[in-house]
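J.: below are the sequence and a predicted model; questions follow.
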Amino acid sequence: MLHVSILLLAALAGPSRQAAVRQFDNTNLPALRFNADGNFKITVFSDMHFGMYSWLPRGQKEDKKTAKVINDILDYERPDLVVLNGDLINGDGTFAHNSTHYIDHIVKPMVDRKLTWASTYGNHDHQLNLPAEGSFEREHTWPGARTRRMVPGLAAGVTNYFLPVYPANCDPDNVDGGGKDCAPELLLWFFDSRGGYYHSSVDKTRTPQPNWVDSSVVEWFRKTNAELKCRYRKVIPSLAFVHIPVNATDAVQKHWDPTRHPGINDEVGVAMQGQGWCPEGKHDWPRCKYGGQDVPFMQALAQTGGMMGLFYGHDHGNTWCYKWTGDVQGLPVPGNGMNLCFGQHTGYGGYGDWIRGAREIVISQDKLKDRVFESHMRLETGEVVGSITLNSTYNGDVYPVTPNQKTYL
Ligand SMILES: *[C@@H]1O[C@H](CO)[C@@H](O)[C@H](O)[C@H]1NC(C)=O
Ligand SMILES: *[C@@H]1O[C@H](CO)[C@@H](O)[C@H](O)[C@H]1NC(C)=O
Ligand SMILES: *[C@@H]1O[C@H](CO)[C@@H](O)[C@H](O)[C@H]1NC(C)=O
């Protein structure tokens, strides 16, 4: 939420071309697979906001603490995949000449541990001084980047792609051992909800970029998912990641209950895709609160068999999951039972002092047939809060209330 417009852009502007950097070949990374114990674990960091005060000592202090949060959590959790779910860099506060270089600091904890990661970009990753394509290239100067770009065109944004996760007993990389017939057990979908501003190479006048998943991407998602279903002759359970929440989140928030949806709920009135845009597509905040442009994306998700959850960040003060089932008042789209989940603010940059942490997602191969998985929050202190089982009775099951803790720089 919160759109601080730091009018230091003039001072921060400089030559906007950053030197070309050597790419690492990440096309041959081993396929993602469930472990021999049947589990696959994802750590989701969101809202890192590196480079928030790049011109002040405070900025370096914040980034150092954020890096420590990431390092500590990786040591506690040892995930199979890390998801960086948007607002990696606070591009409205970085210098044009080195705005993408913050990627090096963000991915170092994973590179050091030979872990692999996948990103979605957020509104702060799309800025006049920060080209999202540049961050994408910069990610691929390091081994382990799985971030892809599968939908062409300026309107699509960058981070639209999927990653298959294969079963423990089938290795698609083992071509001679029959690996070419392995079917994915799980699909992970990643979307770019864009927002922020077009990069200066596209438009120097600080033009707001639409803040929803583009229709070209929704179309690609529907088509690709149908092709996968056809190719593997089954509905593959899946999870999706995007930075900005959808309007369904705002609608279900009215039914939030601290014992049934453990987490912090300090931001009532969710900042969502389409916020600040009029229905006809003009940006006009605060006259237009919400333009409804995320409806096709919500429809596509809700009509996707096997879609078990959508994970987002953006609202640093909300950290709960809600199971979106059936008709929810005001929503034109009925839910399919998929879980709508916030992450935990990871960065010391970005607004708010809610305790930093990450959302953990634990998927067991043998529970996938029932579309059940587990999740908890791992906090910077090492504490685990908000452990939940996202099964058919979630929304009704009672859990311990998550304490609303704060931490300061
Ligand atoms: C970018 O450049 C500024 C000023 O030259 C410097 O203070 C900052 O640390 C640099 N950031 C990175 C990530 O290199
Ligand atoms: C968005 O959610 C609100 C409830 O918070 C609802 O009143 C409104 O109709 C929804 N709009 C759309 C287009 O889904
Ligand atoms: C769902 O998980 C909760 C928490 O583990 C449990 O209490 C509940 O019985 C489960 N529901 C079903 C249908 O298994």
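T.: Perfect, thanks for sending it. Predicted model only: the values in this text are computed from it and were never measured. Numbers count the residues shown, from 1 in each chain. Ligands and ions are numbered 1, 2, ... in the order given.
J.: name the helix or strand for the closest residue to ligand 1 within the stretch 251-400 of the chain, please.
T.: Nearest to ligand 1 in the stretch 251-400 of the chain, going by CB to the nearest ligand atom, is residue 349, at a distance of 12.7 Å. Yep, even glycine has a C-beta here, placed from its N, CA and C like the rest. Counting by DSSP states H and E, no helix or strand carries residue 349.
J.: need the pLDDT of the closest residue to residue 342 other than its chain neighbours.
T.: Taking CB to CB, 6 or more residues apart in numbering, and ignoring the residues beside it in sequence, residue 342 has residue 318 as its nearest neighbour in space, at 4.6 Å. Listed pLDDT for residue 318 reads 98.
J.: repeat for residue 27
T.: According to the model, residue 27 scores 89 on pLDDT.
J.: next one: phi and psi at it?
T.: phi -80, psi -20 (degrees, to the nearest 10).
J.: what about it, distance to ligand 3?
T.: According to CB to the nearest ligand atom, to the nearest Å, residue 27 stands 40 Å off from ligand 3.
J.: what residues are up against that residue?
T.: Shown here is residue 27, which makes no contacts under the criterion CB atoms under 8 Å, 6 or more residues apart in numbering.
J.: same question, residue 360
T.: 41, 42, 43, 44, 77, 79, 375, 376, 377, 378.
J.: which one of those has the most neighbours?
T.: residue 44 (27 neighbours; other CB atoms under 10 Å).
J.: that one in helix, strand or coil?
T.: Residue 44 falls in the strand class when you classify it by DSSP: H, G, I helix; E, B strand; the rest coil.
J.: for residue 114, give its distance to ligand 1.
T.: Residue 114 is 23 Å from ligand 1, by CB to the nearest ligand atom.
J.: can you get me a residue count around that residue?
T.: Residue 114 has 8 neighbouring residues, counting by other CB under 10 Å.
J.: so for it, what's the pLDDT?
T.: 98.
J.: how about residue 204?
T.: 89.
J.: neighbours of the nearest residue to it once chain neighbours are set aside, just the number please.
T.: Excluding the flanking residues, the one nearest residue 204 by CB to CB, 6+ apart is residue 128, at 7.6 Å. By the criterion of other CB under 10 Å, residue 128 has 25 neighbours.
J.: for residue 128, give me its contacts.
T.: 9, 13, 91, 92, 197, 198, 199, 200, 204, 206.
J.: buried members of those residues into PyMOL, please.
T.: In PyMOL, a selection of the buried entries from those looks like this (16 or more other CB atoms under 10 Å):
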select buried, resi 9+91+92+197+198+199+200
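J.: of the contacts of residue 128, which is the nearest to residue 258?
T.: Set against residue 258, the nearest of the contacts of residue 128 by CB to CB is residue 92 (33.5 Å).
J.: just checking, the closest one touches residue 126?
T.: No. Counting by CB atoms under 8 Å, residue 126 is not a contact partner of residue 92; they are 9.8 Å apart.
J.: residues contacting the residue lying closest to residue 182 once chain neighbours are set aside?
T.: Spatial nearest neighbour of residue 182, excluding adjacent residues (CB to CB, 6+ apart): residue 170 at 3.8 Å. Residue 170 makes contact with 33, 179, 181, 182, 183, according to CB under 8 Å, 6+ apart.
J.: if we go to 10 Å?
T.: 31, 33, 34, 177, 178, 179, 181, 182, 183, 184, 185 (CB atoms under 10 Å, 6 or more residues apart in numbering).
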